[in-house]
Each structure stands twice: as C-alpha cells, then as structure tokens.
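*Asks:* could you look at this predicted model? Sequence included:
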Amino acid sequence: LRTLYYGKLSAQMGTRNLVSAAMDLEDVWLVLAGRGDLTRWILEVQKHSQNIRYIGWLSIEELERESDEADVFLILYPPDNINTVMSTPVKLFEAISRGIPVITSMSTYFGDYVDANRCGLCVDFYDIQSIRNAIVELRDDKELYNQLSHNALRLWEREVNWKTMESRLLSTYKAVCTAR
C-alpha cells in the first residue's frame, strides 16, 4: 500500500505521528513530499526504515505523478486549529478525482465530509495507533478499499467535478451581482 503525504513537515502538522504510525508496517510505504522543520529528522529516519521515503519539494508535474501512483492520500490536520478545522484542502479533491481513498482527521469539516461520503477513513490526529490502524485496515481489507475508491469516484462525478462547480460558481456570482 503506497501512502502519500505532501505538505508542511512539522510537529504541528502531525508529521512525527504519521511517520511513527507507518514505521515498519509490512507492505506499506509512506512517501513524504514537502519541507519543514522536520525534514532533517525524516532524512535520518528513512536511513533506518525500509518503508519511509522522503522525496523532497516537488514541482506540480512531479506531484501529479506521485499522486497518480498513490493508493492512499494522508490528509491529517490538527482539529484544534480553526484554520484547519474549517478548511477543505485541495489535496482532498485531488484524491477524490483519482478515486483514491483518504485517511484524514476527525473533528474537522473535511473529516465530516469524508465520513459522510464514505470516501476514506477518519482518525484521531493525535493518536498514532488510530492512524496505524487505518493504514492497516486499508492495506488488509480490499473490499473496503475498493468501496471507498468507488465512492470517491462517484462523489467526483456527482458533485465535485468542474462542470458542477462551474454552475455553482456562476450562480454565486450572479446572486452577488444582483444583490447590489
């Protein structure tokens, strides 16, 4: 199972917990892309681990290639930070558009969205075992993995694609312009 995390590599973003959760899991590879204050630590960890790989800061094209190769997107944000609780990260839609299940934080807006649409698993951001269990569950339960993948693609086709979003955006602009 190839898991992908890209973004800020820091303790505040749960990078240590993510690495600890994936460490030494059989048939699981954690690919980390990005930069942050834990980059040096990750480089040291990968020297002693068979399944942790740091690939650095990527161009858009490189990130697209890595995303296409991923089996699971890891989208973990702290649930006690208002900036992340109310956000909807673009990487969520990148995963959904590819039919890739996500592992994300519970108690966030996007965690509720993932849970309601059954396109991934929600975990406790601070609980290493919770993250680890979700990774193992997606590795071992092919039926669940396939169902979450199918749900993600259906969600993309039904409501998150550009055609649908284009009409929503135009409606919003029209409402704002006519309200003046």
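*Replies:* Sure, I can see it. As the structure is a computational prediction, the values presented were derived from the model and not from experiment.

*Asks:* list the buried residues for the biggest helix by length in the chain?
*Replies:* The helix that spans the most residues within the chain, counting by DSSP state H, is helix 162-179. For helix 162-179, the buried set under the neighbour-count rule, 16 or more other Cβ atoms under 10 Å, is empty. Quick note: C-beta positions are derived from backbone N, CA and C, even for glycine.

*Asks:* next one: stretch 66-83
*Replies:* Glu66, Ser67, Ala70, Asp71, Val72, Phe73, Leu74, Ile75, Leu76, Tyr77, Pro78.

*Asks:* among those, which are in helices?
*Replies:* Using DSSP H, these in helices are Glu66, Ser67.

*Asks:* okay, the buried residues of stretch 66-83 in CSV with distance to Leu144 and pLDDT next?
*Replies:* Shown next, in CSV, are these (distance: Cβ to Cβ, whole Å; pLDDT from 0 to 100):
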residue, distance to Leu144, pLDDT
Glu66, 24, 97
Ser67, 21, 97
Ala70, 17, 98
Asp71, 13, 98
Val72, 12, 98
Phe73, 16, 98
Leu74, 17, 98
Ile75, 18, 96
Leu76, 19, 94
Tyr77, 23, 92
Pro78, 26, 93
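
*Asks:* which of the buried residues of stretch 66-83 sits closest to Asp27?
*Replies:* Asp71 (10.6 Å; Cβ to Cβ).
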